[in-house]
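*Asks:* Below is the sequence, then the predicted model.
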Amino acid sequence: MKTRITELFGIQHPIIQGGMHFVGYAQLAAAVSNAGGLGIITALTQRTPAALADEIRRCKEMTDKPFGVNLTFLPAVNSPDYPGYINAIIEGGVKVVETAGNNPQKWMPALKEAGIKVIHKCTAVRHALKAEAIGCDAVSVDGFECGGHPGEDDVPNFILLPRAAEELSIPFVASGGMADGRSLVAALALGADGMNMGTRFIATKEAPVHDNVKQAIVAASELDTRLVMRPLRNTERVLVNDAVKRLLEKERELGASLKFEDIANEVAGVYPRIMLEGEMDAGAWSCGMVAGLIRDVPTVKELIDRIMAEADGLVRQRLAGMLAG
């Protein structure tokens, strides 16, 4: 399948693996790239720029296909060593960076000078237009369904994607609610040039997370996610568990007086315990509504091949068959 995204990134299929904390390691990124998609290493999961440089080297040993690095710019008391991470990306010869969080404008000159293509994650059309204006090559448009941070506008992809298509001239991918060939064909029909999958890629053989996490996603329905941290305007979609129930109870009790410190136990530093050790009630972890469409744990190649075969069948048979004469 040829789209503006496959052409831009030099990949076979218009499928990107989202950057995910304690999931986006070299083995998953390489598996996605080897299967014809674009794999992504999550920079901030690596504790230092040197560790990221090692992870990039590891990925290069596992694939000769293009892969990217996700770099999320967060407001933080102790800011990560962003210049160091960017240097590791450039020195490592990475050709694609997925930026997320705050505006990446100040880092764009260094990335562009190194010939790196930048795709920025956005939850609103106005943010996507800003990304286009500062020179991003593409954007990932995240609908309200997505796991992680859906923004504060609550616009689902059936509206957000066509709106993005009306306004943008750069290519974009659909993110949030993407799981299979149906998702891909729908995203293309709404104006996207491909799709970004996060939660779906966690439930694969190569995802370097505890089996409890994969089984929790398979067992979950589309009704099993919750929005947390909304009173702090830092909304996150997470899979419901005991920690999330406690967190929501605190939000209800404290109302407008809620502070981050009140819920820190449920959200700060919990990812290693959940993703690596499988402690499923240790805290809140990002998961999309798309869990309701995930019923197995295939290899990455099986998943991508299945998506492309399903998409091909939908376009050639179901949709083409609906056209009269």
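*Replies:* Received it, and whenever you're ready, just let me know what you need.

*Asks:* Tell me if N70 really is in a strand.
*Replies:* Yes. According to DSSP: H, G, I helix; E, B strand; the rest coil, N70 belongs to a strand.

*Asks:* so what's it closest to, chain neighbours aside?
*Replies:* In this structure, N70 finds its nearest non-sequential neighbour in G19, 2.3 Å apart by C-beta to C-beta, 6 or more residues apart in numbering. The C-beta positions use only the backbone N, C-alpha and C, and glycine is treated the same way.

*Asks:* Quick one: classify the one you found as helix, strand or coil.
*Replies:* coil.

*Asks:* Please enumerate the strands of the stretch 51-200 of the chain.
*Replies:* For the stretch 51-200 of the chain, the strands defined by DSSP state E, counting those that start in this stretch cover 67-73, 96-101, 117-122, 138-142, 172-175, 195-197.

*Asks:* Relative to K112, how far out is I202?
*Replies:* Noted for I202: a distance of 32 Å to K112, by C-beta to C-beta, to the nearest Å.

*Asks:* same deal with P66?
*Replies:* Applying C-beta to C-beta, the value for P66 to K112 is 17 Å.

*Asks:* Repeat that for A203.
*Replies:* With C-beta to C-beta as the criterion, A203 and K112 are 35 Å apart.

*Asks:* re the thing from before, which one of I202 and K112 has more residues nearby?
*Replies:* Taking neighbours as other C-beta atoms under 10 Å, I202 and K112 compare with I202 leading, 28 against 14.

*Asks:* ok, now which ones touch the more buried one?
*Replies:* Neighbour list for I202: 20, 23, 209, 213-214, 217 [criterion: C-beta atoms under 8 Å, 6 or more residues apart in numbering].

*Asks:* List the contacts of the residue nearest to E206 when sequence neighbours are not counted.
*Replies:* Leaving aside its sequence neighbours, E206 sits nearest to A31 (C-beta to C-beta, 6+ apart; 4.1 Å). If you count contacts by C-beta under 8 Å, 6+ apart, A31 has them with 39, 62, 204, 206, 299-301.

*Asks:* Could you give me the ChimeraX syntax to select whichever of those residues are buried?
*Replies:* Only the buried entries of the contacts of A31 go into this ChimeraX selection, using 16 or more other C-beta atoms under 10 Å:
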select :39,62,204,206,300,301
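
*Asks:* Adding mean neighbour count and mean pLDDT, write the strands of the stretch 51-200 of the chain out as a markdown table.
*Replies:* A markdown table is the format used below for these (neighbours: other C-beta atoms under 10 Å; pLDDT from 0 to 100):
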| stretch | mean neighbour count | mean pLDDT |
| --- | --- | --- |
| strand 67-73 | 24 | 97 |
| strand 96-101 | 24 | 97 |
| strand 117-122 | 25 | 98 |
| strand 138-142 | 28 | 98 |
| strand 172-175 | 30 | 98 |
| strand 195-197 | 30 | 98 |
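
*Asks:* I'd like the ones you listed as JSON lines, with distance to L223 appended.
*Replies:* Output for the strands of the stretch 51-200 of the chain, formatted as JSON lines (distance: least, C-beta to C-beta, whole Å):
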{"stretch": "strand 67-73", "distance to L223": "28"}
{"stretch": "strand 96-101", "distance to L223": "27"}
{"stretch": "strand 117-122", "distance to L223": "25"}
{"stretch": "strand 138-142", "distance to L223": "20"}
{"stretch": "strand 172-175", "distance to L223": "21"}
{"stretch": "strand 195-197", "distance to L223": "20"}
